[in-house]
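[1] the following comprises the amino acid sequence and a computationally predicted model.
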Amino acid sequence: MGRAPCCDKATVKKGPWSPEEDAMLKNYIEEHGTGGNWIALPHKIGLKRCGKSCRLRWLNYLRPNIKHGDFTPEEDSIICSLYISIGSRWSIIAAQLPGRTDNDVKNYWNTKLKKRLLGRRKDRDTHQRQSATPAMSEMSTENMNDGERALSASAMERIQLCMQLQELQNPLGAHHNPLVWPGTLSSNSFNSNSSTVTVAEQGQSSSMNEHLMNAQLEGAAMDGLGSPSSAENSNMISMEAELEELLYGEGNRGKAGVVDGGVQQGDVDWWSYDQGKSPVGSWDFTPEANAVFQDYTSVYDI
DNA sequence: AAGCCAATCAACCGCATCCAA
DNA sequence: CTTGGATGCGGTTGATTGGCT
């Protein structure tokens, strides 16, 4: 039994696209559009490709205004912030970065940013293990119990990144920090009615532990997105700066913060999206991504 | 120059969701 | 309400590239 294949794999070509194939696909779509049916598209053009493959090629490579490589510090900051906030929702993250595709962002995170951030944590752990708080030590991967090992890599990364930021902000009492770790303190600290990033949605998680930990992370993120008190706002600014430090190291603060014309990093931070410039007006903002940010802005009164 | 290895990125795969019949 | 096809998405794979020995 099983699922019917989307195309005839025996007659469909796989692997890298040739310039001729690219030209055929690009010319056709520019002239006729996709016609609302990717499956039928390759047959119309005469391409021996799967419809899904055509769609991917168009979205990730052939579409106009695609940017490749050379992520800016500002983009780094957005990616990291959103990853910590919402996890591996690459399409949503990419929608905040004009010209970037989800595939690009995902690759960039996996090959560069993740290593840059977690690598720094590893270095720091090596130096600070002796003085780390018990909670921090228990969470290091080599000390994990079976339940903790059940956490997905993504969830673990987000925990590590959150903890890394906490550690920088408040080395002695990070777990009491309401900004970063609120879900552990109060089950009401995040809104379970949110239709997009909810505990229910985390039902894909493979274990209850991951379930709960994700909920805590979402809580952390959600509180960060809410209407902060002045004290929390101060924490946010601090967290923003710490993220910058993690990305670019001490002595390089400000690298991400100031771009052409003196624009501050605060203009793009994720906990203070303003109605005017974020999702709407973004390049290729999907309805799904739009829904996420509408939830953020309506539920958390941003 | 050759071989090895790690990094990078395009592309594939399979699952989840959407939506029309 | 149910079903099945189409689409979207995230995880993973594999080919290519570049650096090092």
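    Arrived safely, thanks for sending.
[2] residue contacts, A:K26?
    Taking Cβ atoms under 8 Å, 6 or more residues apart in numbering as the contact definition, A:K26 lies against A:58, A:62. All C-beta spots, glycine's among them, are computed from the backbone N, C-alpha and C.
[3] if we go to 10 Å?
    A:K26 makes contact with A:57-58, A:61-64 under the criterion Cβ atoms under 10 Å, 6 or more residues apart in numbering.
[4] and the residues you listed, which is closest to DNA strand C?
    Taking Cβ to the nearest atom of the strand as the measure, DNA strand C lies nearest A:W58 of the contacts of A:K26, at 9.4 Å.
[5] my guess is the closest one contacts A:I45, does it?
    No. Proximity of A:W58 to A:I45 does not meet the contact threshold set by Cβ atoms under 10 Å, at 11.4 Å.
[6] so how many other residues sit close to A:K48?
    A:K48: 14 surrounding residues under other Cβ atoms under 10 Å.
[7] so for the contacts of A:K26, which is the shakiest by pLDDT?
    Model confidence across the contacts of A:K26 bottoms out at A:P64, which has 85.
[8] what residues does chain A have near DNA strand B?
    Counting by Cβ under 7 Å from any atom of the strand, chain A comes close to DNA strand B at A:3, A:9, A:13-17, A:49-50, A:52-53, A:56-57, A:60-61, A:68-69, A:103-104, A:106-108, A:110-112, A:115, A:201, A:204.
[9] go again with 6 Å.
    Residues of chain A found near DNA strand B (Cβ under 6 Å from any atom of the strand) are A:14-17, A:52-53, A:56-57, A:61, A:68-69, A:103-104, A:107-108, A:111-112.
[10] and those, which of them are in helices?
    By the criterion of DSSP state H, membership of those in helices covers A:52-53, A:56-57, A:103-104, A:107-108.
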